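**Student:** Here is a sequence with its predicted model. Questions after.
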Amino acid sequence: MALKIPSQKVSSRSGLGSRSSLLSAVSLIRSRSKIHGGESRSRLRTGSRIGFDGGDGDGDEWLQAKDPQKPENQLDLTEEELKEEFTRIIRGDNPHAPDNIVRFSFKEMEYKQLATVEQVSMHFAMDGNLIHVDSDEARRQQTRSNLRGKKPSVVDSGTDAAPPQEDKTDADNGDEGEAATADGGTDAGTDTGTDVADTDVEVAAESSSQPPKKLRNQFNFSERASQSFNYTQKEKSSMTEPTPRATFSANATQWVIYDTYMAQIAAKKAANEKAKKVSPTASTSGAADYATPSATADESTSMWTQAAKIVDLEHAKKLERLVVQNSFDAVAQDFKFWDDEADQFKSEGSVLPLWKFVYADCKKKANTCLSFNPKYHDLVIAGFGSYEYGKSTEGGVIACYSFKNHLHPEYIIKTESGVLSIDTLESSVHIIVVGFMDGSVAVYDLSDATTRQQPTHISTALTGKHTDPVWQVKWQEDDLAKRHTFFSVSGDGHVRAWTLMLNELLFRDVITLQVGGAPDNAHHSGTCMAFNAAEKHLYLVGTEEGQLMKCSKAYTSRYLATYEAHTMAIYSVSWNPFHHNVFATASADWSVKVWDHEYETCLFEFDLGGPVGEVAWAPYSSTMFAAVTSAGFLFVFDLGISKTEPICSQQIIKKGKLTHLAFNDSYPVVVVGDDRGNINSLKLSPNLRKNLSAKGGINKEAEKEKLEKLLDSMKELDIQTGKPLVKSTE
């Protein structure tokens, strides 16, 4: 039922009509609400909007309470279940906030995890220009607005007493107005409202008459300017002596380099002809002229001989090195400055390819030996030949490469038989000994350019030589007469000691690798050998059958010990440079083993997945060694980090086989050779050369103790059988 209320004219100044009419309307609403208690609340809201809240009683007395309606699917819980409390913890953490944020710390120069993470999640943000009412800026703005709206007072000289009288009248009127309001009269209220409205109109008119002042910035803006003095300019000059200068120019073109080498060849031919034709008296005279008129005529007619007099070979080589280093500057920069920054986050390492040494005459020949010069650490000595007996007559090459010029060898020596082994004399680094495929050995002197191509000493069938290929040669200490001595091992089962006489080589058999120790039995085929640096008389010999013999120079008929090392041929054996009881062997049975010569069984064994060409210990760490395989892989092991896995396994070549490798004693470089006549140089990453750059040099005693601790842990039980290791009987 709708409630109809007679319309009334309501004044905006006086509110609702008289008090009696208001009370009658409220009583009518109460009587109707008792009868119709189910009316909607919308009607009650309508009544409140038209002003039915001015009665004497409480406004909520006439509201009817509604009974709650129970849903059909509501659970019926017992009193105990209703009183049961469930604790829920509400945390201020953001569940989506990451907890593994890492930032680089420039103070500690490393990546560190953040300790605290921002947990605030911003759902909505909007920039506004509101300021707080009680702030200083709000008070200043309010003051400025009041000053702009206030009208300036104008006082006349003839009416000085009038303003105080008006003020007093206004004050009296104000008092009367307050009294009238207290009595509840409507007239006073109407007059007051009219006065306020008139005042608002007057203030608005005054404000509109004055132009508003434009604020440049409502947030404490100030504009200031100042002028400063300019600094006085001064001139200061000094006089110095000019730097001395010299003008130098040369053409380092390809044809100039070619002409230089051709001039060198022509000079060699002329020198050889002169040595053959000159008389003994003329050879001792020291003259630089040729012996015969025909030689002089040949010299004058040869263009290359004339060019040899103009261009010096030594300076031409320097120019060639400059051209090569400028052309391959990126490789030179990597050799000097490259470091793998990823090594600080892992224990493994890697190698970076540097120079590749290639020579035309060495192509299609296998690299059979590889080493560094003991004095000139940038000089690589490599031998080339063939491991196939059918190609033994093709000849061999001895090449000496330098890091300063990798495009052409520093020295080239061509031999009639294939080269299998080379060793450099430490006391005289220009003297090398070479073992050949045909069983002969020879000694070369690299310092003499005229006789470099021919050996100073060579063994022949008349003077005595091996009947099988010479797989390894090693220089030893000089004898009592201060004559150079070296050892050789061959496939014929003989280990021989050679002595350099004036014009010939003398040899003696040190030991014969007999099977079973009986003279009449067949002998073993020797493949490699290594001498102990501490005990000079002690050396090891590897055989093609996989056995390893420990021998002594003092005994020529028996072994000190025999190790059943491998099941196939042993290609390499190497003593540890820090611990003189430890050595490593590499074999064609795909394995590398680490031994202590006082024990019969190996301490460590590694399967490399292919025939191993050579194994070599690092010269700066007692626990690190490297090996190359026929699959083209280079493996680097560090027993101090892992006893089972390599710390670097990298494929160097995809086609061909790696045959040999050598560490450099001064630079973080290792060189590897393959069966196609190429030599690759590789730079080691920081994890593979930690001790090389140590301050104060390498501590040999500390390196020995580090390896000794590893050996003690492995000597307790045999890793294969679990039985205690037994020392070998010598």
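**Tutor:** Right, received. Where do you want to start?

**Student:** Quick check on residue 684: phi, psi?
**Tutor:** The phi/psi pair for residue 684 (degrees, to the nearest 10) reads phi -80, psi 140.

**Student:** what's the spacing between it and residue 532?
**Tutor:** Distance, residue 684 to residue 532, using C-beta to C-beta, to the nearest Å: 27 Å. C-beta coordinates here come from the backbone N, C-alpha and C atoms, glycine included.

**Student:** Who has more neighbours out of the two?
**Tutor:** For residue 684 and residue 532, the more surrounded residue by other C-beta atoms under 10 Å is residue 684, and the numbers stand at 25 against 17.

**Student:** what pLDDT does that one get?
**Tutor:** If you check residue 684, the pLDDT there is 92.

**Student:** per-residue confidence at the residue nearest to it when sequence neighbours are not counted?
**Tutor:** In this structure, residue 684 finds its nearest non-sequential neighbour in residue 668, 4.5 Å apart by C-beta to C-beta, 6 or more residues apart in numbering. As predicted, residue 668 sits at a pLDDT of 91.

**Student:** ok, now residue 253?
**Tutor:** Per-residue confidence at residue 253 stands at 84 (pLDDT).

**Student:** if I read this right, the residue nearest to residue 684 contacts residue 692, doesn't it?
**Tutor:** Yes - in this structure, residue 668 is within contact of residue 692 by C-beta atoms under 8 Å, at 5.6 Å.

**Student:** how long is stretch 539-554 from one end to the other?
**Tutor:** End-to-end span of stretch 539-554 (C-alpha to C-alpha, to the nearest Å): 11 Å.

**Student:** Buried residues in that stretch, which are they?
**Tutor:** For stretch 539-554, the neighbour count (16 or more other C-beta atoms under 10 Å) marks 539-553 as buried.

**Student:** could you give the mean pLDDT of that stretch?
**Tutor:** Stretch 539-554 comes out at a mean pLDDT of 92.

**Student:** chain center to that stretch, what's the gap?
**Tutor:** Mean-position distance between stretch 539-554 and its chain equals 43 Å (C-alpha atoms, centre = their mean, to the nearest Å).

**Student:** One more: stretch 257-264?
**Tutor:** Relative to the centre of its chain, stretch 257-264 is centred 44 Å away, using C-alpha atoms, centre = their mean.

**Student:** Ok, stretch 421-435 next?
**Tutor:** Counting by C-alpha atoms, centre = their mean, stretch 421-435 comes out at 39 Å from the chain centroid.

**Student:** Mind listing residues that contact that stretch?
**Tutor:** 368-369, 371, 373-376, 381-383, 398, 415, 419-420, 441-447, 455, 469-475, 484, 486, 488 (C-beta atoms under 8 Å, 6 or more residues apart in numbering).

**Student:** Now with 6 Å, please.
**Tutor:** Identification of contacts with stretch 421-435 by C-beta atoms under 6 Å, 6 or more residues apart in numbering yields 369, 373-375, 381, 383, 419-420, 441-447, 470, 472-475, 486, 488.

**Student:** Can I get the buried ones among those as something I can paste into ChimeraX?
**Tutor:** Of the contacts of stretch 421-435, the buried ones go into a single ChimeraX selection, burial set by 16+ other C-beta under 10 Å:
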select :369,373,381,383,419,420,441,442,443,444,446,470,472,473,474,475,486,488
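
**Student:** From the contacts of stretch 421-435, which land in strands?
**Tutor:** Among the contacts of stretch 421-435, the members falling in strands are 369, 381, 383, 419-420, 441-445, 470, 472-475, 486, 488 (criterion: DSSP state E).

**Student:** Distance-wise, check the residue positioned nearest the centre of the chain relative to residue 692.
**Tutor:** Nearest to the mean C-alpha position of the chain, by C-alpha atoms, centre = their mean, lies residue 341 at 1.7 Å. According to C-beta to C-beta, residue 341 and residue 692 sit 18 Å apart.

**Student:** Now do the helices in this structure.
**Tutor:** Ranges of helices in the chain, per DSSP state H, are 19-35, 41-49, 79-83, 136-149, 162-183, 186-209, 254-277, 280-283, 293-301, 303-310, 313-327, 329-337, 700-715.

**Student:** No more questions from me, cheers.
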